[in-house]
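S.K.: This is the structure alone, sequence omitted:
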């Protein structure tokens, strides 16, 4: 650290005075300053440190608030897309064309006959900190195939397959896995109107306790693997 007061307005100037003030306090008169002057410097240092901490806290709060905002916007977009795709699929499956305008939506191009939807691929699962298991997949639909929804089927252990949800996006948030479940399986099919794709491969998710971890939210791990394509 240099011998002169730093010019830049950052923590360097705080560190500089934290180092030098105790040196001057040993014998103020020896350095040509009064005890009162040291009191003023000490007060200015305390104020600068307090304001620096306040600024740090404000920046941290802004980062947290921005994260919370972005999460809320992402959740809104996800549930909104799901809802719109469900509405589109419902109207497409019916015969009331007036519903497109009433819902404020643009009908798909009906020229020609669209192909059947393709099966989802690359299923994966992640365990979110809030305890929700999120299943994601990929699906590239043929040209002209729109208003596709995804039928998510779930089986607990070796139990039967049941429809867990029908979603419009390529993800499913499962917040209802029973406590103590060692394995849960998922299978997804794309649906457009009355036409369905072949089922996806089965995603097997196994739960296990971590050897280390703090808190209930961090005490579990998941291991996901794709099994053979469903029959």
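M.R.: Now that the structure is in, tell me what you want to look at. Since the structure is predicted, the reported quantities are computational estimates derived from the model, not experimental observations.

S.K.: any idea of the pLDDT on residue 36?
M.R.: You'll see residue 36 listed with a pLDDT of 92.

S.K.: actually residue 9, not the one I wrote
M.R.: 66.

S.K.: Residue ranges in this protein under the pLDDT threshold?
M.R.: 1-3, 8-10, 108-114, 208-222, 224, 226-231 (pLDDT under 70).

S.K.: For the spatially most central residue of the chain, give me the backbone phi and psi.
M.R.: In the chain, the C-alpha nearest the mean C-alpha coordinate belongs to residue 71, at 6.1 Å (C-alpha atoms, centre = their mean). Main-chain torsions, residue 71, degrees, to the nearest 10: phi -60, psi -40.

S.K.: Check the gap between it and residue 128 for me.
M.R.: Using C-beta to C-beta, to the nearest Å, we find residue 71 at a distance of 11 Å from residue 128. Where C-beta positions appear, they are placed from N, C-alpha and C, glycine not excepted.

S.K.: likewise residue 183?
M.R.: Taking C-beta to C-beta, one finds residue 183 at 19 Å from residue 128.

S.K.: Helix, strand, or coil at residue 150?
M.R.: At residue 150 the chain is in strand, as set by DSSP: H, G, I helix; E, B strand; the rest coil.

S.K.: Tell me what it is bridged to.
M.R.: Per DSSP bridges, the residues bridged to residue 150 are residue 167, residue 190.

S.K.: Run through the strands of this structure in chain order.
M.R.: Applying DSSP state E to the chain gives strands spanning 121-127, 133-138, 149-156, 162-167, 171-174, 183-192, 195-196, 201-209, 220-229.

S.K.: TSV please, covering the ones you listed and showing distance to residue 37 and mean neighbour count.
M.R.: Formatted as TSV, the strands of the chain follow (distance: least, C-beta to C-beta, whole Å; neighbours: other C-beta atoms under 10 Å):
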stretch	distance to residue 37	mean neighbour count
strand 121-127	60	17
strand 133-138	62	18
strand 149-156	73	20
strand 162-167	70	15
strand 171-174	63	18
strand 183-192	71	21
strand 195-196	83	14
strand 201-209	62	17
strand 220-229	60	13
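
S.K.: got CSV for the ones you listed, with distance to residue 61 too?
M.R.: Output for the strands of the chain, formatted as CSV (distance: least, C-beta to C-beta, whole Å):
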stretch, distance to residue 61
strand 121-127, 28
strand 133-138, 27
strand 149-156, 37
strand 162-167, 34
strand 171-174, 28
strand 183-192, 38
strand 195-196, 48
strand 201-209, 34
strand 220-229, 30
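
S.K.: ok, the closest residue to residue 48 other than its chain neighbours - contacts?
M.R.: Using C-beta to C-beta, 6 or more residues apart in numbering and skipping residues adjacent in sequence, the residue nearest residue 48 is residue 14, 6.1 Å away. By C-beta atoms under 8 Å, 6 or more residues apart in numbering, the contact set of residue 14 is 45, 48-49, 52.
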